[in-house]
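K.L.:
kindly return the folded structure for what I paste below:
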Amino acid sequence: MELWRNIKSWLGGDRVDINERFELLREAVHGTMSQFYMALDRRSGQTVGLKVLDREKTAKFEHRFRGLKKPSEGEIATKLSHPAIVETHEYGKTTTDDAYLVMEYLTGQGMNTLIQAAADSFAQHRWELLRQAAGALAAVHEAGFIHRDICPRNFVVSPDCTTVKLIDFGLSVPDTPDFCHPGNRTGTPRYMSPEIVRRRATDRRVDIFSFGVTAYEMFAYQTPWPSSIKTGNIALGHDKPPVPLIECCPGIDPKLAESIHRCIEPVPDQRPSEVAEFLMAIEACDET
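P.N.:
Down below sits the predicted model:
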């Protein structure tokens, strides 16, 4: 019966009354296109993460892909299965016609918070966290999607800083030519690749660039292009030479620094074409 309910919800045949089915325990995050709650699912008795998308903002984003069969965030998220990716249990529409997703509720903090705090526990485990984050991104690509918003905020780190999970597939698209045409200028500006901000054709290497910026920040506690600019214009400087990572983190293995710098090359052809290339390159690096 539970499986049938989920199937009906996925097919849009069973609208969910959020207030009837869920007890909203607290609002965890208020995003640009959604609200996220820690909630008690009265149906299962479990504490879950409940994401409710803003209908107007979602429609505006989806309009960019009119004429294309773009899968919804829920469709994409439920196709991803990896230990370092948040598990999405269900998606559908509410009685007010808003899209919703039900997922595992993650304890811990966003990686961005730990980086800003330069937390000792984070520094002790960041090598393993880096590998897990890379594995999560590789799984997204292997499933046939581009995440489009890789950044520390979208990695949730466990309270003991030993595990990490990738979240938020609201900007994700299929890794096909139709969805890689110039003009889809979405993402977080500090982590955005030059081809996105310059409105050029894209591919999965936009994620590798953003991952490289994230990896750089994990070790340097700053982005490769320090700037006081607070607007999207900050991304216009991402085709300029970055501050050498080895200057910001003198103890880093030079091979790791080189591998991270390859990911943030302004020309896509100079970056690794697959996340696996990055993982292979850092296998023998010193973890101290």
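K.L.:
now do the helix ranked longest in the chain: everything it contacts.
P.N.:
The residue-count maximum for a helix in the chain (DSSP state H) belongs to helix 120-142. Helix 120-142 is contacted by residues 80-85, 111, 114-115, 146-147, 150, 155, 157, 160-166, 172, 175, 204, 207-208, 211, 214-215, 218-219, 274-276, 278-279, 282, 287 when judged by CB atoms under 8 Å, 6 or more residues apart in numbering. (Glycine included, C-beta is placed from N, CA and C.)
K.L.:
can you flag which of the residues you listed belong to strands?
P.N.:
Counting by DSSP state E, these place 146, 155, 157, 164-166 in strands.
K.L.:
tell me where the stretch 1-150 of the chain has helices.
P.N.:
Ranges of helices in the stretch 1-150 of the chain, per DSSP state H, counting those that start in this stretch, are 2-10, 18-21, 55-62, 73-77, 111-117, 120-142.
K.L.:
can you say which of these is nearest to Glu90?
P.N.:
helix 2-10 (5.2 Å; CB to CB).
K.L.:
if we can go back for a sec, and the longest helix of the chain, how far from the chain's centre?
P.N.:
12 Å (CA atoms, centre = their mean, to the nearest Å).
K.L.:
how is this structure carved up into domains?
P.N.:
2-104, 109-281 (automatic domain parsing).
K.L.:
who's Val48 bridged to?
P.N.:
Counting by DSSP bridges, Val48 is bridged to Ala39, Glu104.
K.L.:
what's the distance between it and Glu104?
P.N.:
Distance, Val48 to Glu104, using CB to CB, to the nearest Å: 7 Å.
K.L.:
who's more crowded, those two?
P.N.:
Val48 (21 against 13; other CB atoms under 10 Å).
K.L.:
right, and the more buried one touches Leu106 too?
P.N.:
No. Taking contacts as CB atoms under 8 Å, Val48 lies outside contact range of Leu106: 10.4 Å.
K.L.:
returning to that earlier point: which of the domains of the chain sits most buried?
P.N.:
domain 109-281 (a mean of 19; mean count of other CB atoms under 10 Å).
K.L.:
what is the end-to-end distance of it?
P.N.:
Domain 109-281 stretches 29 Å from its first residue to its last (CA to CA, to the nearest Å).
K.L.:
how far out from the middle of the chain is it?
P.N.:
9 Å.
K.L.:
okay, now the unreliable bits of the stretch 101-250 of the chain?
P.N.:
228, 230 (pLDDT under 70).
K.L.:
quick one: contacts for Arg55?
P.N.:
Applying CB under 8 Å, 6+ apart, the residues near Arg55 are 96-99.
K.L.:
which one of the residues you listed is nearest Thr58?
P.N.:
Ala99 (6.3 Å).
K.L.:
contact partners for the residue nearest to the closest one when sequence neighbours are not counted?
P.N.:
In space, and not counting its chain neighbours, Ala99 is closest to Leu53: 4.3 Å by CB to CB, 6 or more residues apart in numbering. Applying CB under 8 Å, 6+ apart, we find Leu53 in contact with 33-34, 73, 98-101, 170.
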